[in-house]
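Engineer: sequence and computational prediction follow.
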Amino acid sequence: MKEPIIPIFYACDDAFIKFTVVSMTSMIQNASKDYRYVVHILHTEISDPMKEIVYRLANENFEIRFVDVTDYLTSIRDKLPLRDYYSKTTYYRLFIAEMFPQYNKALYLDSDTVVLGDVSQLYLTDIRDAYLGACHEQVMVQTREFGTYVEKVVGVSRYNFFNAGLMLINCEQFRLHFVLDKFIDYLHYYNFVVTQDEDYLNLICKDHVYWLDQRWNTETFGEIAYPIEQAEMIHYIMVNKPWHYEYCMCGDYFWKYAKETVFYDELKALQQSYSSEEKARDAKSSENLIRLAIKEVQREDNFMNRINQDKRDKGRVEILHKIEQYELEGRFDEDVENDPPGRMLMPDEIEYVRKTRAEKLKTKMAFKMAHKFIDELVEDKKLIIKEIKGIENFKTLERGAVITCNHFNAFDSFAIQLAYEAAEQPDRNFWRVIREGNYTSFPGFYGFLMRHCNTLPLSSNPATMKKFYKAVTELVDTGDYVLFYPEQSMWWNYRKPKPLKRGAFQCAARSGAPVLPCFITMKDSDVMGEDGFYVQEYTIHVSPPIYPETDLPLRKQAELMMYKNYEYWKEIYEEEYHIPLSYTTLEDKKEQLEGFL
C-alpha cells in the first residue's frame, strides 16, 4: 500500500446525502486500489440511520468519517454576519484548511456529481503554490450575461472563473494567505447573490488557480468540447438534475451508479413525481438568475464599483476605463497616460555610443543609483519577480540581439534587466530604447536615469534617428543587447500582447541580429499597493531567439520576425492565462487586426 492518505471532502445535509452516496459509489469504484482514502462528510444534521447506510460504502481502501461542523460554526459565529451559513452546506468547503491542519492538500467534491476517473491521479497533481486546482466554469464562458456579471461585479475574467464543485485545495496556501479570514472580511463588505460562495472564492483566489483538465469537471451545460466518454467527472449543475428530469444531459451515467445504491427506487420515484409546476419553477429560477446577474451589473454600488470608489486611485481607474475604450476602438499604439511635454532631440545633442569621459562617469553613477532603486523596489515588494522562464535562451546567443518586451509599467524594463543579469553575461551590455520626451524633458531623479542609464532615445528628427539606427547596429555587432517595446504604447497592467510595430524588427534585420522575445505575465500578489490595486507578481518568459532569414529582402525579414515574435507572445499568453487571445475591437477595426495576425 502506497502513501499518502488521500483526504476527500463532501458537504451535505440529511436531504442531500442520497446523492452524495451515488457520487461516492462512482468514486470508490473507479479509484486506484494503491492508496488509502479518508472521506470526510461535513454536515450539521445527518441522522444516525442515514450515517449507517453511508458507512456500508467503506472498504479496506476507503474510510468514511462524518464531521459535524456545528461547533466550528459556533466558534466563528461572532465573525460572521447574520446570514444562512448554517444551512448553506456549500460554504463548509471554506473551512477545510482551518479545521484540518493535519492536511497539506485536500480534494473537495460536490454531491451532484459522478466520478468516472481515478481520484488518486487527480489528487497527486502538483499544483505548486496555487491556492487551489479547479476547472473553468462553463456557465460564465458560454452565457454572455453571467460572463459580464463576473467581470463587471466580481472583477474576474469570464475565462478565468472556476467552478467550485471540484477543488483540489492547497491547504497550506489557504492557511498561509488567510483565505478564510479574507472570505469573512468580504462577507461584511459585500453580499454576492448570484453564485454566492463561488463568487467569493474566485475573488480571493484570482490569479492563484492551477487549471485542471476540464474533463475533471464536465458540467451538464451548453457545449462540451470533447467526447463525453472522455469525462473524468460529470457535474449536474444548476437545475440539470437526473433525479428530476428523465432526459437530463448525461443522466445515464448517474443512473448507472444509482442502481448500485439502496436509494435507486427512491430516486426513480422522485424523478417520476417531479411535477410540471416544479419544472416551470426551475425554468423561472434560471431566468431569474440571469435577471439578477444583469441587475447586479447595473447597480451603481456593486462590488467592483464600490471598490473603485472606496479604495482605488481614481486616476488608475480612469486609466483602466481608457484602456477598455482604446481597445474597443483599436487604438493599440496610443498611450493611455500622458507623458510630460517633450521637445525634439537634435543630432548634435547626443552621442549614443561614443560618450565622453564625463558622460561615462554619469552612466556609472546612474547605474549605481538605478540598481539601488531596483533593490529597494524588490525589498519593499513594489517589484515582485516570481520566476524567470527560458533564461537559457539568453545563453544560446552567440552575438548581440534585439530584445522585445510587452510594455505595461514604467518599471518593466527593470524586470528584463534582472533577467539579463540572472543570465550572467558579463561581456555584454544592456541598453533600452526610450521615447524622445523621456530623454529631453523628464525631470528629476527619473530624468537623470533616462538620460544616462544606457538609454537610446528615439527622435522625431530624421538626422538624429539616422544616428540612432547606426548606434543600434554598432551595439548589437559588438555583442550587446538592445531592449525595444515594439507595441509602441504603454498600457498599465494590460496583459494581452498588442499588435506590433516593425521598427525593432527592421533594426534587427538591418543588423543581421536575432530577436529575443520576452513576455511578462502577471498575477495579483497579496501586497496591496498605495493606489489600492494589488502589486503584480511577474513571471518573465524568454522565448528562443528568432533569426533573420538573410536571403530575403530586409522588409520581408522584419515582417517574418515580427510575426514569429507575436506568435510566441500569443502562445505564452494563452498558456499562462488559460484564455483565448481576443480583443474587443469594433468590427471595422477587427479586419485591420486580422490582417496583422
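Structural biologist: Everything's here; your move. Residues are numbered from 1 along each chain as shown.
Engineer: quick one: buried residues of the longest strand along the chain?
Structural biologist: Longest strand in the chain, counting residues (DSSP state E): strand 515-528. For strand 515-528, burial by neighbour count (16 or more other CB atoms under 10 Å) applies to 515-525. All C-beta atoms are positioned from the backbone trio N, CA, C, and that covers glycine.
Engineer: low-confidence stretches in the stretch 51-200 of the chain?
Structural biologist: 80-87 (pLDDT under 70).
Engineer: ok, back up a step: which strands and helices sit next to the longest strand of the chain?
Structural biologist: strand 384-389, strand 401-404, helix 412-422, helix 503-511, strand 534-542, helix 554-577 (3 or more CB pairs under 8 Å, 6 or more residues apart in numbering; DSSP states H and E).
Engineer: using CSV, list the CA coordinates for it.
Structural biologist: Taking C-alpha atoms only, strand 515-528 is exported to CSV below (Å, rounded to 0.1, in the frame of the first residue of the first chain):
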residue,chain,number,x,y,z
VAL,A,515,15.4,39.0,-31.9
LEU,A,516,15.0,37.6,-28.4
PRO,A,517,11.3,37.8,-27.5
CYS,A,518,10.5,38.4,-23.8
PHE,A,519,6.9,38.4,-22.5
ILE,A,520,6.0,39.2,-18.9
THR,A,521,2.8,37.6,-17.4
MET,A,522,1.2,38.9,-14.2
LYS,A,523,-0.7,37.7,-11.2
ASP,A,524,-2.2,39.6,-8.3
SER,A,525,0.1,39.3,-5.3
ASP,A,526,-1.0,39.6,-1.7
VAL,A,527,0.6,43.0,-1.4
MET,A,528,-1.8,46.0,-1.7
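Engineer: shift numbering so it begins at 29
Structural biologist: Renumbered: residue one is now 29, and that last one reads strand 543-556.
Engineer: state the mean pLDDT of it.
Structural biologist: Averaging pLDDT along strand 543-556 gives 94.
Engineer: before we move on, the earlier item: so can I have TSV of the helices and strands packed on strand 543-556 showing mean neighbour count, distance to residue 243 and mean pLDDT?
Structural biologist: Shown next, in TSV, are those (neighbours: other CB atoms under 10 Å; distance: least, CB to CB, whole Å; pLDDT from 0 to 100):
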stretch	mean neighbour count	distance to residue 243	mean pLDDT
strand 412-417	16	26	95
strand 429-432	28	36	97
helix 440-450	20	36	93
helix 531-539	23	40	95
strand 562-570	21	26	96
helix 582-605	18	18	96
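Engineer: output these as a markdown table; include the columns distance to residue 276.
Structural biologist: What follows is the helices and strands packed on strand 543-556, written out as a markdown table (distance: least, CB to CB, whole Å):
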| stretch | distance to residue 276 |
| --- | --- |
| strand 412-417 | 43 |
| strand 429-432 | 51 |
| helix 440-450 | 50 |
| helix 531-539 | 55 |
| strand 562-570 | 41 |
| helix 582-605 | 33 |
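Engineer: could you pull out the helices in the stretch 279-428 of the chain for me?
Structural biologist: Secondary structure of the stretch 279-428 of the chain (DSSP state H, counting those that start in this stretch): helices at 279-286, 292-300, 304-326, 331-338, 342-357, 385-407, 420-423.
Engineer: neighbours of residue 342, just the number please.
Structural biologist: Residues within reach of residue 342, counting by other CB atoms under 10 Å, total 11.
Engineer: now it. Nearest residue, chain neighbours left out?
Structural biologist: Spatial nearest neighbour of residue 342, excluding adjacent residues (CB to CB, 6 or more residues apart in numbering): residue 336 at 7.9 Å.
Engineer: the one you found and residue 558: what is the separation?
Structural biologist: Counting by CB to CB, to the nearest Å, the separation of residue 336 from residue 558 is 16 Å.
Engineer: looking at those two, which one has more neighbours?
Structural biologist: residue 336 (19 against 8).
Engineer: show me the contacts for the residue nearest the centre of the chain.
Structural biologist: Nearest to the mean C-alpha position of the chain, by CA atoms, centre = their mean, lies residue 235 at 3.8 Å. Shown in contact with residue 235 (CB atoms under 8 Å, 6 or more residues apart in numbering): 188, 550-552, 565.
Engineer: and for residue 221?
Structural biologist: 320, 324.
Engineer: can you say which helix or strand has it in it?
Structural biologist: Under DSSP states H and E, no helix or strand contains residue 221.
Engineer: what of the one 5 residues further on?
Structural biologist: When secondary structure is defined by DSSP H and E, residue 226 falls within helix 225-233.
Engineer: what does that helix contact?
Structural biologist: 116, 118-119, 121-122, 159-160, 165, 178, 181-184, 189-192, 207, 210-211, 214-215, 220, 331.
Engineer: of these, just the buried ones, PyMOL syntax please.
Structural biologist: Listed next is the PyMOL selection for buried residues among these, using 16+ other CB under 10 Å:
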select buried, resi 118+119+121+122+159+160+165+178+181+182+183+184+189+190+191+192+207+210+211+214+215+220+331
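Engineer: quick one: the strands in the stretch 79-228 of the chain?
Structural biologist: 90-96, 133-137, 141-143, 160-164, 190-198 (DSSP state E, counting those that start in this stretch).
Engineer: next, format the buried residues of strand 543-556 as a markdown table and append distance to residue 76.
Structural biologist: Formatted as a markdown table, the buried residues of strand 543-556 follow (distance: CB to CB, whole Å):
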| residue | distance to residue 76 |
| --- | --- |
| 543 | 70 |
| 544 | 67 |
| 545 | 64 |
| 546 | 62 |
| 547 | 59 |
| 548 | 57 |
| 549 | 52 |
| 550 | 52 |
| 551 | 47 |
| 552 | 46 |
| 553 | 48 |
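Engineer: so where's the stretch 329-478 of the chain uncertain?
Structural biologist: 368.
Engineer: now residue 261. Its backbone dihedrals?
Structural biologist: Dihedral angles of residue 261 (phi, psi; degrees, to the nearest 10) stand at phi -150, psi 140.
Engineer: for it, give me its contacts.
Structural biologist: 137, 141-145, 194, 243-246.
Engineer: now for the residues you listed: which two are most distant?
Structural biologist: Farthest pair in the contacts of residue 261 (CB to CB) is 137 and 243. Separation: 14.7 Å.
Engineer: settle it for me: which of these two has more neighbours?
Structural biologist: Neighbour totals were compared for residue 137 and residue 243, and residue 137 leads with 25 against 19 (other CB under 10 Å).
Engineer: mind checking how far that one is from residue 125?
Structural biologist: Counting by CB to CB - residue 137 and residue 125 are separated by 16 Å.
Engineer: now swap in residue 613 and tell me
Structural biologist: 42 Å.
Engineer: what about those two, which has more around it?
Structural biologist: Neighbours around residue 613 and residue 125, counted as other CB under 10 Å, are more numerous at residue 125. The numbers are 24 against 20.
Engineer: wait, that one touches residue 205, no?
Structural biologist: No: using CB atoms under 8 Å, residue 125 is not in contact with residue 205; the gap is 10.0 Å.
Engineer: show me the contacts for residue 150.
Structural biologist: Taking CB under 8 Å, 6+ apart, one finds 135, 196, 240, 244, 260 in contact with residue 150.
Engineer: mind redoing it with 7 Å?
Structural biologist: With contact taken as CB atoms under 7 Å, 6 or more residues apart in numbering, residue 150 is in contact with 135, 196, 244.
Engineer: how many neighbours does the last one have?
Structural biologist: Using other CB under 10 Å as the criterion, residue 244 is surrounded by 22 other residues.
Engineer: wait, isn't residue 541 in contact with residue 504?
Structural biologist: Yes: assessed by CB atoms under 7 Å, residue 541 is found in contact with residue 504 at 4.2 Å.
Engineer: what residues are shared contacts of the two?
Structural biologist: Counting by CB under 7 Å, 6+ apart, the common neighbours of residue 541 and residue 504 are 428-430.
Engineer: could those residues go into JSON lines alongside distance to residue 583?
Structural biologist: Output for the shared contacts of residue 541 and residue 504, formatted as JSON lines (distance: CB to CB, whole Å):
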{"residue": "428", "distance to residue 583": "22"}
{"residue": "429", "distance to residue 583": "20"}
{"residue": "430", "distance to residue 583": "16"}
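Engineer: show me which of those residues is closest to residue 450.
Structural biologist: Using CB to CB, the shared contacts of residue 541 and residue 504 come closest to residue 450 at residue 429, 16.1 Å.
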